[in-house]
Every structure is written in C-alpha cells, then in structure tokens.
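Q: sharing a sequence plus its predicted fold:
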Amino acid sequence: MPVYTYRCESCGVQFERHQSFQDAPLKTCPECRRKSLKKVITPTRIIFKGSGFYATDHKSPSGDTHRESKPEKKAESKASDSTKSSEKS
C-alpha cells in the first residue's frame, strides 16, 4: 500500500498515511479539524536490490555481440576451391 503525505494549510501539521489506491484523499485535519488538507507531492523512494541493474554488472565475454566469421571464411574458401577445381577441368 502506498504512503501519502498530507499537510494542513491551516495549522501546518504534516503527516503520512498508508492508503489504498481506491481510498478517497483525506480532507479533514486530525489536529485542527478543518477541511484544509492537501496531498504533498514527494519524490518516490527507490531501492536497488541485487546485482545486474547496470550493463557492466553482468557483462561477460560469452555475451559479446561480435562474432567471429571463421565459419563464413571456410564456406567461402570451399566455394572458391570448387570454382578453381572446375576451372582446371
């Protein structure tokens, strides 16, 4: 459940409440009993757990995108060998 911060515009008291997304916002101040509460927009709290969030954390040589072209060279050399042998005949 998210935590919302409220501030009373009359008396200045500020507090936090756990509320569901479906709950209506609070309007009455618990201190002065006036209907002058406003939600305070606060930055969200982010917690990073575990490794692997950054690309450098899990980068390995086996995951490189550069592939060797040895199989292609072999196929090209075989093709060129067959054309050379057909030219000789």
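A: That came through fine.

Q: quick check, Met1 in contact with Gln22.
A: No: using Cβ atoms under 8 Å, Met1 is not in contact with Gln22; the gap is 10.5 Å. C-beta here means a position set from N, CA and C on the backbone, and glycine is covered the same way.

Q: which stretches of the chain form strands?
A: Using DSSP state E, the strands of the chain run over 3-8, 14-18, 37-40.

Q: returning to what we had before: more crowded one of Met1 and Gln22?
A: Met1 (9 against 5; other Cβ atoms under 10 Å).

Q: on that earlier part again, would JSON lines of the strands of the chain with distance to Leu26 and mean neighbour count be doable?
A: Formatted as JSON lines, the strands of the chain follow (distance: least, Cβ to Cβ, whole Å; neighbours: other Cβ atoms under 10 Å):
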{"stretch": "strand 3-8", "distance to Leu26": "6", "mean neighbour count": "16"}
{"stretch": "strand 14-18", "distance to Leu26": "7", "mean neighbour count": "12"}
{"stretch": "strand 37-40", "distance to Leu26": "5", "mean neighbour count": "14"}
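
Q: reformat those strands as a markdown table; add mean pLDDT.
A: Below are the strands of the chain laid out as a markdown table (pLDDT from 0 to 100):
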| stretch | mean pLDDT |
| --- | --- |
| strand 3-8 | 93 |
| strand 14-18 | 94 |
| strand 37-40 | 94 |
